Every structure is written in C-alpha cells, then in structure tokens.
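Undergrad: pasting the structure only:
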C-alpha cells in the first residue's frame, strides 16, 4: 500500500463521522502523490501523519443570558491545525451548522491557503453553533463576551490570530476584541477584521472578493483575454459576493446573479450593487425584495433552480461548502462556462470539480482563489505590529500582488509536475511544499 493510501485509510477510520474534513483531506492527499512518492523523506519523517492531525483542538461551553433572562449554552471551538510557518490564522464562524468536521475541514484548507499567500501564517479555524440571526445586539454582545472569555486563554498576536467568517462581522469582532482587552489589559492585534478606528485595515472588507477576481483576471491576462463583456454568475450575497461583483464591473464584466439561503436573483441587465448592499448589509433582509424593485429581474426559490443553470462565461461560487454539485457542473458546461473560481471554502463537490477539470473548464480552488481575505488579514497583523495604518491603495496593491503571485506559483507547480492547467493540484503542491519544508526543518514536533 502506498504512503498516501495508508494515510487515507487511517484518517477514514479515525474520522468516519467527519465527512467535510475527509473530503478536504482526501482531495489534498490525492494531489500530493506525485510529490511524496518521489521522495521518501516525507514518509520517513511522518509528514503526512502530522499534517492531517491538528496540533491542538479546543472545545468549550459558552453560557450566556438572552434578553428574556434565560440562560443559553452553545459550543465553542478552536482548531489550531498547523503552526510550521507562523501563528495560527483563520476565521471564526458562528452558524448552527458549525461542528468539528466543518472546522477541521476549514482549518486544514487554511494551512495551504495561508502558505500560498507567501506570508508567515499557519492554519487554524474556530467558531460556534451560535446563530446571530434574529438576536439583538445585546444578545450578540453577551454571547461574544462569554465566547472570548474562554478563547482568550488560547490566542495571542504571536500564537493564534482569529478573524471573522460566516456570522462574524465587524460587530462580533468588536465585542470580542473589547472583552479580550478587558480581560488581558492590553491592546494588541489578536483579531483581524477590526474597525478602522482601532487597528483595522483598509480594504479588508473587500479583500476576499477583490482577490478572487484579481486571480481570475491574472489568468485571463496571461491568455490574452480579460473580463470585458464577460457574463458572470455569482452565488452568495455577503461581502465576498458583493465585492467580487464590484470588481467584475470595474474590469468590464457583468455579474448577473446573487443568492441567499432562500433562493437566487437573476438580473440580465447586471446586478444593482447599491440595492444589494442596502438589502443585505443595512436592512439584513432577503433577496426577494430585489426582484420587486427591478423590472426584468427574476427570483427563483431554493429547490426550483440555481444560478448555475444559466448561460454564463464565468462562475464564482461565493456562498458555502458543497453548493455546486455534479449536476450543476454539467449545467455550467452545457451553458458554455469557461472558468469557475471558488470564492467560498470548498463550494464545489469533489465530483463537480473533477468533472469540470476533465472537460476543460479552468477551475480555481478556494484555497488559492479566496486567499485574498487571509492575505489582507496578515497585512493587518503587520500594520498592528508596526503601529501603522496603510492607505487603501497601498493595501489593495499588495493584495493584487499576492493574488498574482499565487496564480503564478500554482500554475508553475502544476506545470512542474506534468499537469499544466490543473490548478487544484498546483495549489495543493505549492502550499504543501512550503509547509512540509518548515516541518522538516523544525524536527519531529
């Protein structure tokens, strides 16, 4: 049995109740065969065994009092996966679906994503099954303070620096930062995504969406093409989707779809981003309101269709994991899609990604395509360390350079291993080699 097959068999036995983690781990391990089979140093030093096992998993209870005076209890987690190249770095997710499998999958992906940025940050992820939707600001504050009371024991600017994710925006980051400061009596960069008046970075809100489009644009440019006159399907309607759409417009393309958990809108004239920002970021309402105010647009409820059913040139899934399945991939191909770039974390199933690759569709995995968010978080860490604040243009220029470098590195890695154009393999190998090299240099720890 090969080294990779042995590791896959082992993690499947140990993590049989964690489908999302197994999906992510197997996808990476399959890509690494060509690397680890060619050099016994990885097996001799148990690099893969150590890579797939988190350095530390922290689980804790989060008690808090709701507005009715009732005590509520949620679960909190932090998965500190790999610190070979820097302090753990990765978001906190507050959503009812949060469990250990999802956080391990996200933390594992984060190892390679963070490595690809070229910045000194390791991989981690955390969160809670708490749902901020429908909660008052006071309830969210009470939860965040209780969550940080425990989490504060395990993080620090040189240890672990969480950020936001689904359900964790500026409000939640603010409440958690305030509690950490109160508990530790220090003002330090222990969270990213902070407010601009207290250590945050310009362009952080836009970074993941912008970075996604920068990477796709770099690919287009290197193939004598551009976004100009391209029709783009986007899923999601949060920051990633909104700012990806904004950058698509700036590059001359036309985003025509957005989604939320209830359905999707299609506007053949191009999505009205001012309306979307008001509905989703200000009113925190549903997309059904968009179609009512935009003649010619349509709203399709969940279960009756997806944005991947439409004729588009480029698809950017920016919502959540496994939202684009094999049937969706077939529909995209039939409708002429040329490029799929993942703005969310693992939004395509393995079957969908394989199908698109096999049929000549250019596919950029999330660990490369959405790395602009964590890359800019690392830039925020740098500004905090230096007690400086860079301009929007400075950060945006650095972000674009990061994404161009990622594209070139994953393209070169795929070419070096005989699979030119396979950016999944390229991303996994390029990310792995840097982390594995650091692990080998640091001994068996």
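TA: Ah, there it is. On a predicted model such as this, the values are computed, not experimentally measured, just so you know.
Undergrad: kindly state the domain boundaries assigned to this protein.
TA: 3-190, 205-364 (automatic domain parsing).
Undergrad: turn those into a markdown table, including distance to residue 432.
TA: (C-beta placed from N, C-alpha, C; glycine too.) Output for those, formatted as a markdown table (distance: least, C-beta to C-beta, whole Å):
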| stretch | distance to residue 432 |
| --- | --- |
| domain 3-190 | 6 |
| domain 205-364 | 17 |
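Undergrad: of these, which is nearest residue 444?
TA: domain 3-190 (6.8 Å; C-beta to C-beta).
Undergrad: how far does the closest one sit from the chain's center?
TA: 12 Å (C-alpha atoms, centre = their mean, to the nearest Å).
Undergrad: what segments of the stretch 51-200 of the chain are strands?
TA: Per DSSP state E, counting those that start in this stretch, the stretch 51-200 of the chain carries strands over the ranges 56-65, 71-82, 88-94, 122-128, 160-164.
Undergrad: show me which residues of the last one are buried.
TA: Going by neighbour count (16 or more other C-beta atoms under 10 Å), the buried part of strand 160-164 is 160, 161, 162, 163, 164.
Undergrad: so what's the third one bridging to?
TA: Beta bridges link residue 162 to residue 90, judged by DSSP bridges.
Undergrad: wait, what's in contact with it?
TA: By C-beta atoms under 8 Å, 6 or more residues apart in numbering, the contact list for residue 162 reads 78, 89, 90, 91, 92, 124, 126, 151, 155, 190, 191, 192.
Undergrad: most centrally placed residue in this structure?
TA: Residue closest to the average C-alpha location in the chain (C-alpha atoms, centre = their mean): residue 345, at 4.3 Å.
Undergrad: who's in contact with the closest residue to that one other than its chain neighbours?
TA: Nearest residue to residue 345, sequence neighbours excluded (C-beta to C-beta, 6 or more residues apart in numbering): residue 366, at 4.9 Å. Counting by C-beta under 8 Å, 6+ apart, residue 366 makes contact with 109, 113, 342, 343, 344, 345, 346, 347.
Undergrad: give me the pLDDT for residue 366.
TA: With respect to pLDDT, residue 366 scores 94.
Undergrad: helices and strands around the helix-or-strand element of the chain with minimal mean pLDDT, which ones?
TA: Ranked by mean pLDDT, DSSP states H and E, the helix or strand of the chain with the weakest confidence is helix 288-292, at a mean of 87. Here helix 288-292 touches strand 263-266, strand 298-301, going by 3 or more C-beta pairs under 8 Å, 6 or more residues apart in numbering; DSSP states H and E.
Undergrad: can you list the ones you listed in TSV and add mean pLDDT and distance to residue 420?
TA: Formatted as TSV, the helices and strands packed on helix 288-292 follow (pLDDT from 0 to 100; distance: least, C-beta to C-beta, whole Å):
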stretch	mean pLDDT	distance to residue 420
strand 263-266	96	34
strand 298-301	95	38
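Undergrad: residue 207: which of those strands is closest?
TA: strand 263-266 (24.3 Å).
Undergrad: centre of the chain to that closest one, how far?
TA: The answer for strand 263-266 is 22 Å, by C-alpha atoms, centre = their mean.
Undergrad: so which of the strands of the stretch 51-200 of the chain comes closest to residue 323?
TA: The nearest among those, by C-beta to C-beta, is strand 88-94 at 15.5 Å.
Undergrad: which other helices and strands contact that closest one?
TA: Packed next to strand 88-94, using 3+ C-beta pairs under 8 Å, 6+ apart, are strand 71-82, helix 100-116, strand 122-128, strand 160-164, helix 170-184, helix 372-386.
Undergrad: buried deepest among these, which one?
TA: Mean neighbour count (mean count of other C-beta atoms under 10 Å) peaks for strand 122-128 among the helices and strands packed on strand 88-94, with a mean of 30.
Undergrad: so what secondary structure elements neighbour it?
TA: Strand 122-128 packs on strand 71-82, strand 88-94, helix 100-116, helix 137-151, strand 160-164, going by 3+ C-beta pairs under 8 Å, 6+ apart.
Undergrad: now do the third one against strand 56-65, angle only.
TA: It refers to helix 100-116. For helix 100-116 against strand 56-65, the angle by axes from the mean of the first three to the mean of the last three C-alpha atoms, to 10 degrees is 120 degrees.
Undergrad: go on, the shortest one?
TA: With the same axes, to 10 degrees as the basis, strand 160-164 and strand 56-65 are set at 50 degrees to each other.
Undergrad: quick one: mean pLDDT over strand 160-164.
TA: 97.
Undergrad: and the angle from it to helix 170-184?
TA: 150 degrees.
Undergrad: between the contacts of residue 162, which has the most around it?
TA: residue 124 (33 neighbours; other C-beta atoms under 10 Å).
Undergrad: I'd like the distance between that residue and residue 56.
TA: Distance from residue 124 to residue 56, counting by C-beta to C-beta, to the nearest Å: 9 Å.
Undergrad: between the two, what contacts are shared?
TA: 78, 79, 80.
Undergrad: could you report the neighbour count for the nearest residue to the last one once chain neighbours are set aside?
TA: The shortest distance from residue 80 to any non-neighbouring residue, by C-beta to C-beta, 6+ apart, is to residue 56 (4.2 Å). The criterion is other C-beta under 10 Å. On that basis, residue 56 has 13 neighbouring residues.
Undergrad: got it, and the one 5 residues further on?
TA: A count of neighbours around residue 61, defined by other C-beta under 10 Å, yields 10.
Undergrad: wait, it touches residue 76, no?
TA: Yes: the pair residue 61 / residue 76 is scored as a contact, 7.2 Å apart, by C-beta atoms under 8 Å.
Undergrad: low-scoring pLDDT stretches of this protein, where are they?
TA: Judged by pLDDT under 70, the chain has no weakly predicted residues.
Undergrad: how about a cut-off of 90?
TA: 166, 261, 280-286, 289, 291-293, 320-321, 345-346, 445 (pLDDT under 90).
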